[in-house]
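K.L.:
coordinates for the following, if possible.
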Amino acid sequence: MKLNIFSETLNKDLIYDMYLWISLALVSATVNGKSRISVPDLKAVNFATALEGRKLNGRVINELEVDSEIACQFECVEEERCHSYNFGTTKNQAEKFKCQLSKSDRFVGHANFTENDDFKYRGVLVIFN
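P.N.:
As a prediction, the model looks like this:
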């Protein structure tokens with residue numbers, strides 16, 4: 001009889017220990033998962049009004065082909081050095097638009113700010129991190 005009572009006690013202790021370990025593992029997984037979700041890496045940018053028929057030459061850090069002007073804006077937001085972009089207003093043969101990201105703006109590169117009917121220019125006004 002004493003052996004049975006000891007076995008029942010041992011089983012209860014073992015089950016209790018397993019319960020604690022599983023609970024700890026679930027809490028740990030929940031906390032770790034939550035911390036990845038609760039710390040978003042968000043960035044917002046306000047762009048200036050588009051200047052149609054204008055282009056900033058030089059200081060281009062990346063030239064891409066994109067589906068839309070919004071895609072070009074997203075590329076500029078993702079590139080930390082981007083201060084402005086030139087957006088080609090006509091599609092190429094692949095049905096894409098030209099997007100040129102610049103590490104300068106029209107105020108710094110005033111001499112390189114030229115007329116070009118195939119582009120529009122937008123500078124970054126404010127960056128929110």
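K.L.:
contacts and neighbour counts: CA atoms only from here.
P.N.:
Fine.
K.L.:
can you report how many residues neighbour Glu65?
P.N.:
Residues lying near Glu65 (other C-alpha atoms under 10 Å) number 18.
K.L.:
bridging residues for it?
P.N.:
Per DSSP bridges, the residues bridged to Glu65 are Lys98.
K.L.:
I figured it hits Lys98, correct?
P.N.:
Yes - Glu65 lies in contact with Lys98 (C-alpha atoms under 8 Å); the separation is 4.9 Å.
K.L.:
got any ranges where the protein has weak pLDDT?
P.N.:
1-42, 109-110, 127-129 (pLDDT under 70).
K.L.:
switch to 50 and redo it
P.N.:
1-10, 29-39 (pLDDT under 50).
K.L.:
for it, what spans make up the helices?
P.N.:
For the chain, applying DSSP state H gives helices covering 2-38, 69-78.
K.L.:
tell me what the lengthiest strand in the chain is packed against?
P.N.:
The longest strand of the chain (DSSP state E) is strand 113-128. Counting contacts by 3 or more C-alpha pairs under 8 Å, 6 or more residues apart in numbering; DSSP states H and E, strand 113-128 packs against strand 44-47, strand 51-56, strand 84-88.
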